[in-house]
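> task: produce atomic coordinates for the following.
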Amino acid sequence: MTEHETKITKAVAQVLPAVVSITIAKDVKDITKDLPLEFFRLPHYQEFLEHEIQSAPKDDKGRIKVGGGSGFFVSDDGIILTNRHVVVDKHATYDIGTSDGKSFEAEVLARDPINDVAILKIKDKEKVSFIKIGTATNLILGQSVIAVGNALGEFQNTVSTGVVSGLSRFISAAADGMGNQERLRGLVQTDAAINPGNSGGPLVNLEGEAIGVNVAVVFGAQNIGFAIPIEKAKRDLDEVKKFGRIRRPFLGVRYLILNKFLRDRFSLPIDHGALVVNEGVPGDMPIIPNSPADKAGIKEFDVITHCDGKEISDKETLEDMLSGHEIGDEISIKLFRNNKEEAFSIKLEEFHKEV
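All right, here's what the predicted structure looks like:
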């Protein structure tokens, strides 16, 4: 073997024991609760449902397996990093399988909806192998990387190699099975094969250090995959260890990113910025009561054009800008109201809603 191949095989041998498969299972009663009402109006729906339940794969407790993904241990006490979209279902159970055939039940400690990161912990007190956390801040194009995971939910310990082919990428990706989208930015692009079941697995360097969490693949394209820089996951880990939860700065507005169509629709003088408006969901409010925005006097149909001197656009949204702040930070915003520009200074608070 060449020296490069030796480094790859050594790194793979080092990380494989810490890479896990995540099996998602649900009780029958919870699955039927999720079915649309129209299903129960179909003729012979009961016979069809019973057949599907009987033929569906089940775990050792009789729960129906509904999906799978990957993750990896980052501490010897069983803390696991994965993607939020892998463990988004709060009514499901999550079983962890290791490369040596062991199985553990895990609980979800925290879910980060902004960066698509989730933190789990096995319920057993057994010591486990783990992957050392590296850094993605000094990555360079062409650098060799390795993606490891549970490909397609079936092929455990799947390894693919490639290079860093892009940095600071921005994508919109499916957040769940209901077709909801999430916006992910600052991603590492790689040509190492990342398949759907690889979601949540590690992207590692040749030293066997985790530099990212595999998150997405572009369907219909070849050799285009993305990973969340490990610094974002590490920040979540630090928050959970210190506070028991992931804390996020909170402004308290609903908004739409303006374009020319929305400018004409709302008869506005500008076509950029964040239009503060109800998203159309029953019971939704454009400004959350008692939020920092409410206390500062932000109103519906205000257009927030700048945050800390940066112009808000579809490439860098207000949410993106807030994600770089800490709770308690003061931000300066500019907004358009009644054809006049106004300036506000607002102190960010913690967002308490569970996600």
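> in stretch 1-10, what's buried?
7-8 (16 or more other Cβ atoms under 10 Å). The way it works is simple: take the backbone N, C-alpha and C, and place the C-beta from them, glycine included.
> please apply the same query to stretch 197-216.
By 16+ other Cβ under 10 Å, the buried positions in stretch 197-216 come out as 197-206, 208-216.
> and what of stretch 11-18?
Quick answer for stretch 11-18 (16+ other Cβ under 10 Å): 11-12, 14-18.
> got a markdown table for those, with secondary structure and pLDDT too?
Formatted as a markdown table, these follow (DSSP: H, G, I helix; E, B strand; the rest coil; pLDDT from 0 to 100):
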| residue | secondary structure | pLDDT |
| --- | --- | --- |
| 11 | helix | 91 |
| 12 | helix | 91 |
| 14 | helix | 92 |
| 15 | helix | 93 |
| 16 | helix | 92 |
| 17 | helix | 93 |
| 18 | helix | 94 |
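> quick one: which of these is nearest residue 347?
Lowest distance from residue 347 to the buried residues of stretch 11-18 (Cβ to Cβ) belongs to residue 18, with 40.8 Å.
> how close does the closest one sit to residue 346?
Shown here: residue 18 relative to residue 346, a distance of 42 Å by Cβ to Cβ, to the nearest Å.
> try residue 199
Residue 199 is 36 Å from residue 346, by Cβ to Cβ.
> now swap in residue 83 and tell me
31 Å.
> same deal with residue 162?
43 Å.
> again with residue 296
For residue 296, the distance to residue 346 (Cβ to Cβ) stands at 5 Å.
> so for these two, which sits in the more crowded spot?
Legend: neighbour count by other Cβ atoms under 10 Å for residue 296 and residue 346, higher for residue 346 (20 against 15).
> Three-state assignment for the more buried one, please.
Of the three states, residue 346 takes strand under DSSP: H, G, I helix; E, B strand; the rest coil.
> cool, and residue 335?
With three-state DSSP as the criterion, residue 335 reads strand.
> identify the residues contacting it.
With contact set as Cβ atoms under 8 Å, 6 or more residues apart in numbering, residue 335 has these partners: 273, 298, 302-305, 341-342, 344.
> now do residue 252
Counting by Cβ under 8 Å, 6+ apart, residue 252 makes contact with 287-288, 291-294.
> same question, residue 69
Taking Cβ under 8 Å, 6+ apart, we find residue 69 in contact with 21-22, 24, 82-83, 86-87, 150, 153, 197, 199-200.
> what does residue 229 give?
Neighbour list for residue 229: 136-137, 186-188, 211-212 [criterion: Cβ under 8 Å, 6+ apart].
> if we go to 10 Å?
115, 135-137, 139, 167-168, 186-188, 203, 211-213 (Cβ atoms under 10 Å, 6 or more residues apart in numbering).
> among those residues, name the buried ones.
115, 136, 139, 186-188, 203, 211-213.
> can you pull the contacts of the closest residue to residue 100 other than its chain neighbours?
Sequence neighbours aside, residue 17 is the residue nearest to residue 100 in space, at 6.9 Å (criterion: Cβ to Cβ, 6 or more residues apart in numbering). Residues near residue 17 by Cβ under 10 Å, 6+ apart: 72-73, 98-100, 128-131, 157.
> need these in TSV (columns: neighbour count, distance to residue 5 and pLDDT).
TSV is the format used below for those (neighbours: other Cβ atoms under 10 Å; distance: Cβ to Cβ, whole Å; pLDDT from 0 to 100):
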residue	neighbour count	distance to residue 5	pLDDT
72	26	23	95
73	25	26	96
98	19	26	89
99	16	21	85
100	8	25	84
128	20	28	92
129	16	23	93
130	19	25	94
131	23	21	95
157	14	18	72
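> out of these, flag the one nearest to residue 232.
For those, the nearest to residue 232 is residue 72 (15.2 Å; Cβ to Cβ).
> secondary structure element for that closest one?
If you go by DSSP states H and E, residue 72 is part of strand 64-73.
> partners of the following helix or strand past that strand in the sheet?
Per DSSP H and E, the first helix or strand lying C-terminal to strand 64-73 is strand 79-82. Take DSSP bridges as the rule and strand 79-82 pairs in its sheet with strand 64-73 (antiparallel), strand 117-122 (antiparallel).
> of all those strands, which one comes closest to residue 318?
strand 117-122 (20.8 Å).
> off-centre distance for that closest one?
Centroid displacement of strand 117-122 relative to its chain, using Cα atoms, centre = their mean, to the nearest Å, is 12 Å.
> thinking again about what came up before, show me which pair in the contacts of residue 229 is furthest apart.
Among these, 115 and 139 lie farthest apart (Cβ to Cβ), at 17.2 Å.
> end-to-end on stretch 303-316?
In stretch 303-316, first residue to last residue: 15 Å (Cα to Cα, to the nearest Å).
> repeat that for stretch 198-214.
7 Å.
> before we move on, back to that, tell me which of the buried residues of stretch 197-216 fall in strands.
Residues of these located in strands (DSSP state E): 202-204, 210-216.
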